[in-house]
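Q: okay, here's the prediction I keep looking at, along with the sequence it came from:
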Amino acid sequence: MLPHPGAVTGTAVADGEEFGDYRWVTPVRAADMLGISTRELYRLIDIGELPAYRIAEEVKLLADDV
């Protein structure tokens with residue numbers, strides 16, 4: 001089970017790294033995948049259109065959500 005978006009967890013994962021059954025990406029990589037700026041990506045996260053998770057002080061997104 002995933003933590004709720006915005007939750008803080010204790011395990012760091014690298015960009016594109018698989019952790020459990022999930023593959024995580026950084027906001028920069030996610031923005032690149034979507035063809036938008038990182039500013040626009042953070043706007044989508046802020047308004048709840050795109051879930052993001054805080055993992056060990058870093059924001060990560062599930063590749064499948066992007």
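A: Now that the structure is in, tell me what you want to look at.

Q: just the helices in this structure please.
A: In the chain, the helices defined using DSSP state H lie at 27-34, 38-46.

Q: what about Arg43, distance to Leu34?
A: The gap separating Arg43 from Leu34 is 12 Å, by C-beta to C-beta, to the nearest Å. Using the backbone N, CA and C atoms, a C-beta is placed for each residue, glycine as well.

Q: count the neighbours of Tyr53 for me.
A: Burial of Tyr53 is recorded as 21 neighbouring residues (other C-beta atoms under 10 Å).

Q: Ile45 is in contact with that one, correct?
A: No: contact status for Tyr53 versus Ile45: not in contact, 10.1 Å apart, counting by C-beta atoms under 8 Å.

Q: shared neighbours of the two, anything?
A: Shared contacts of Tyr53 and Ile45 (C-beta atoms under 8 Å, 6 or more residues apart in numbering): 59, 61.

Q: any residues touching stretch 36-44, and which ones?
A: If you take C-beta under 8 Å, 6+ apart as the criterion, stretch 36-44 is touched by 27-28, 30-31, 34, 50.

Q: now which of these would you call buried?
A: By neighbour count, with 16 or more other C-beta atoms under 10 Å, the contacts of stretch 36-44 hold 27, 30-31, 50 as buried.
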